[in-house]
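S.K.: Sequence plus the predicted model coming up.
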Amino acid sequence: MHNGFHNSLGTNRFLTWFTLFSNSVLMMASIHAVKFNHIRHHKYCLSEEDCEGKSAGMSWYGAIFYGPVHMFLIHKITLQIGNRKYVRNVLAELAAIAVFAFIVFYFKIPFLIYHIIIMIAGEFLMAFFAVWTVHHDTEEHPELARTQRGGWKNKITFSMFYHLEHHLFPAVPTIKLPELARRIDQVLPELEKKNTF
């Protein structure tokens, strides 16, 4: 999905859209709303206009408790200030999510009920995992997000914590971030790199 936000999936426009739409249903949140706020996060990083980045200045437990508010706000802001295309996509995704949840609970499909509960819990943790972990204590230089070195940590997180590299070069696909990190280390060894975890 993250590569889809930055049009770096390597697929055509429709397949990129379909990836975001289908993942919205599977993940129980409008991914186009997440995309809208993520693009704004890159533009207004940790400023007042950056809704996605609000939890970065909180304590770790504050970011966890803020999670449900975060999920509500990214949908609200997209519907308020997003263009017609974003609003249309968000409404379509929310409708599809509602239909999916209705079918699952109406027919009482146990493994899908479990899936829905786990996905909602996961979405409520987005403000902590996707924002706080990579941006806390970087307010002085918001463009220099945290990063993660070390093989096994990046393997279990699918290279998603190369966040410094992502902020410097947002269009680089996630799979290429380890190589980008190596190149940055060679060219700018003096660049401050704060660990994610």
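M.R.: The structure has been received and is ready for your questions.

S.K.: Please look at Met119 and Asn23 and confirm they touch.
M.R.: No. Met119 lies out of contact with Asn23 (CB atoms under 8 Å); the separation is 10.3 Å. Yep, even glycine has a C-beta here, placed from its N, CA and C like the rest.

S.K.: domain assignment for the protein?
M.R.: Segmentation of the chain into domains, based on automatic domain parsing, reads 2-139, 143-197.

S.K.: now the ones you listed in CSV, with mean neighbour count?
M.R.: CSV is the format used below for the domains of the chain (neighbours: other CB atoms under 10 Å):
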stretch, mean neighbour count
domain 2-139, 17
domain 143-197, 15
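
S.K.: Now mean pLDDT too, for those domains, in CSV please.
M.R.: Shown next, in CSV, are the domains of the chain (pLDDT from 0 to 100):
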stretch, mean pLDDT
domain 2-139, 97
domain 143-197, 92
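
S.K.: How much space separates Glu190 from Ile184?
M.R.: Distance, Glu190 to Ile184, using CB to CB, to the nearest Å: 11 Å.

S.K.: ugh, wrong one, Ile74
M.R.: 30 Å.

S.K.: Give me the phi and psi for the residue sitting furthest away from the middle of the chain.
M.R.: For the chain, the residue at maximal distance from the C-alpha centroid (CA atoms, centre = their mean) is Phe107, at 31.3 Å. Here is the backbone geometry of Phe107 (degrees, to the nearest 10): phi -90, psi 0.
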